[in-house]
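> Model the following, please.
(chains A and B)
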Amino acid sequence: MDYSQFLHIRSEISLIAVIMSLLLFDLLAGARMRKYFQPLACLLMLLQIGINLTPGRSAYLFGGMYVHTPMMTAVKNILTVGTLITFLQANTWLKREDTVFKQGEFYVLTLSTLLGMYFMISAGNFMLFFIGLETASVPMACLVAFDKYRHHSAEAGAKYILTAMFSSGLLLYGLSLIYGSTGTLYFEDLPDKITGSPLQIMAFAFFFAGMAFKISLVPFHLWTADVYQGAPTQVTGYLSVVSKGSAVFALMTVLIKVFAPMISQWQHTIYWIVIATITIANLFALRQQNLKRFLAFSSISQAGYLMLGVIGGSAAGMTALVYYVLVYMAANLAAFGVISIIEQKSGKIETADYNGLYRTNPRLAFILTLALFSLAGIPPFAGFFSKFFIFMAAFQSGFHVLVFIALINTVISLYYYLLIVKAMYINPNETPIAPFKSDGYTLISLVLCTGGIVAIGIVSAIYQSIHALGYGL
Amino acid sequence: MNIPMEYYLAVSTIMMFAGIYGFLTRRNLLAMLISVELMLNSVDINFAVFNRFLFPGELEGFFFTVFAIGVSAAETAIAIAILINIYRNMRNIQVENINELNG
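Residues are numbered from 1 along each chain as shown, chains lettered A, B, ... in the order given. Below is the predicted model of the structure:
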């Protein structure tokens, strides 16, 4: 065996080292050392990003089980940055009396899900893909149920784990039919043997349904709003950005590599699912009063936009998809950062509570406004450019009507994003949320996100460098 | 005595769809968990049978079965832990009573 292969999986190895050192710190450090936990975790994450900054070259490792391409490094780094921002925002929550003693578990569980996503993205075989997917979703259920003495969190955890198991059951059934009809599970060998026979179409349907549950596309979205509302807010942010982004990228890899001979079938499927997802999620988002539920439906419709990058199956689509995930991460984590700090300091989460926020906490109101503008896609913020590129990629692949429907839905989404802005700036309120000071870590994370919202769109080098990493599949 | 492959596949297919049906209709969280287990186990049968009858020279399907059993055991452990936690909080695991999140 050629041991030099391990050099190519350095992102996974260094992440395992980070997990192990945090686990050991949790075991060995006493109660007084706990205040160093967060700085240590953030430093280790910075180190992890530093080690993996260079893309490296493409490689097939372990007999094709593990595939590395430069684009995957970019995606993994984006996911790692998202995790780092989540860690920064978790400060106030983890200092609470009923979570402070188990904050080590939070870091280790979150990083375990990240490790699973790494493997899922780089998989070259359905077995590794499945194990990565499960490594990403099993600890996620623990995270969702993390506030275990609060009913909402436990209930959301039960809903999440049951849906995750159901969806992996469907996905596995699809994989078993693929195995039965081709006799292999390697991505490299599969395209030659996939002919689009009825059995394989059924297998694809099961596989796609399983993945659609993870990405929360309509009609498989029913768990999303409840889980997002019940989970601790940081976990919701992580779930809506990092987990979703990795699943969409992994799905695109599989569709392009494995299901290439069935391209007309899966394009048809995605076509209708995108229309249903964007429209229905927008209509439901209009009537949400709870901000976490609102952002849940907003994230479902964003998942629909993400699928617009997948549908073409082209290099431009993949670049636009990765860019969209990056921009969406900055905007959505900024929104969740503001919401979580307000929830921790005042306990308020309804839209009506945000009336008059501008008078008492003008900076937070401003950041939330920028985040919502970026999510809605108003120029000159990054969200406009990401939507533009993803629409352009779908348009070039010939989906003109689809892009038109998505554009109409963008206008609808503008309405409900602006409702929140209106609440903060215009609606009067006798008892607005009292002014408070955020902690340093949250400030850093909000500054990072705001910088991202403003800069990612204008600095064209970012899009070009993602584009240069190219397709490489 | 040789049992043809189709017989095994009929069993696994019935298990799969019984699991889906049970998941969608049962109103008790433990019963839903059992239904999901049924689905996961039907997949294990599928992999083992395909490997044994169609591709007897290889071991890929058997390996997948082993991993799938391991993963589903981990999932069940987590799910039961969460259900016990719910039971401690609410003294109940019937779905209609667990509706604080109005979904």
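> Could I get the average pLDDT for stretch A:256-263?
Stretch A:256-263 carries an average pLDDT of 89.
> And chain B, is it touching that?
No: applying Cβ under 8 Å from any Cβ of the partner chain, one finds stretch A:256-263 separated from chain B by no less than 15.2 Å. Any C-beta I mention is one placed from the backbone N, CA and C, and that applies to glycine too.
> quick one: contacts of that stretch?
A:187-188, A:190-191, A:194-196, A:200-201, A:204, A:265-266, A:313, A:318, A:473 (Cβ atoms under 8 Å, 6 or more residues apart in numbering or on different chains).
> mind redoing it with 7 Å?
Defining contact as Cβ atoms under 7 Å, 6 or more residues apart in numbering or on different chains, one finds that stretch A:256-263 is touched by A:187, A:190-191, A:194-196, A:204, A:266, A:313, A:473.
> Equivalent analysis for stretch A:387-398, please.
Stretch A:387-398 is contacted from outside by A:305, A:308-309, A:311-312, A:314, A:316-317, A:320-321, A:323-324, A:377, A:402-403, A:406, A:410, A:463, using Cβ under 7 Å, 6+ apart.
> Name the residues of it that come out as buried.
A:387, A:389-391, A:393-394, A:397 (16 or more other Cβ atoms under 10 Å in any protein chain shown).
> do the same with stretch B:41-58
Going by neighbour count (16+ other Cβ under 10 Å), the buried part of stretch B:41-58 is B:41-51, B:55.
> Equivalent analysis for stretch A:35-52, please.
By neighbour count on 16+ other Cβ under 10 Å, the buried set for stretch A:35-52 is A:37-38, A:40-42, A:44-45, A:48-49, A:52.
> Dump that stretch to PDB, restricted to CA.
The C-alpha trace of stretch A:35-52 is given here as PDB (Å, rounded to 0.1, in the frame of the first residue of the first chain):
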ATOM      1  CA  LYS A  35     -13.200  29.800  29.700                       C
ATOM      2  CA  TYR A  36     -10.300  29.000  27.400                       C
ATOM      3  CA  PHE A  37     -12.400  26.600  25.400                       C
ATOM      4  CA  GLN A  38     -13.800  29.000  22.900                       C
ATOM      5  CA  PRO A  39     -10.500  30.800  22.100                       C
ATOM      6  CA  LEU A  40      -8.800  27.400  21.700                       C
ATOM      7  CA  ALA A  41     -11.600  26.100  19.400                       C
ATOM      8  CA  CYS A  42     -11.500  29.200  17.300                       C
ATOM      9  CA  LEU A  43      -7.700  29.200  17.000                       C
ATOM     10  CA  LEU A  44      -7.700  25.500  16.000                       C
ATOM     11  CA  MET A  45     -10.300  26.300  13.300                       C
ATOM     12  CA  LEU A  46      -8.100  29.100  12.000                       C
ATOM     13  CA  LEU A  47      -5.200  26.700  12.000                       C
ATOM     14  CA  GLN A  48      -7.300  24.200  10.100                       C
ATOM     15  CA  ILE A  49      -8.100  26.800   7.500                       C
ATOM     16  CA  GLY A  50      -4.500  27.800   7.200                       C
ATOM     17  CA  ILE A  51      -3.300  24.200   6.700                       C
ATOM     18  CA  ASN A  52      -5.800  23.600   3.900                       C
END
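> now it: mean pLDDT?
In this model, stretch A:35-52 has an average pLDDT of 89.
> Quick one: residues in contact with that stretch.
Residues external to stretch A:35-52 that are found in contact with it (Cβ under 7 Å, 6+ apart): A:10-11, A:14-15, A:18, A:21-22, A:25, A:73, A:76-77, A:80-81, A:83-84, A:87-88, A:91, A:103-104, A:107, A:441.
> Repeat the analysis, applying 6 Å as the threshold.
With contact meaning Cβ atoms under 6 Å, 6 or more residues apart in numbering or on different chains, stretch A:35-52 is reached by A:11, A:14, A:18, A:80, A:84, A:87, A:91, A:103, A:107.
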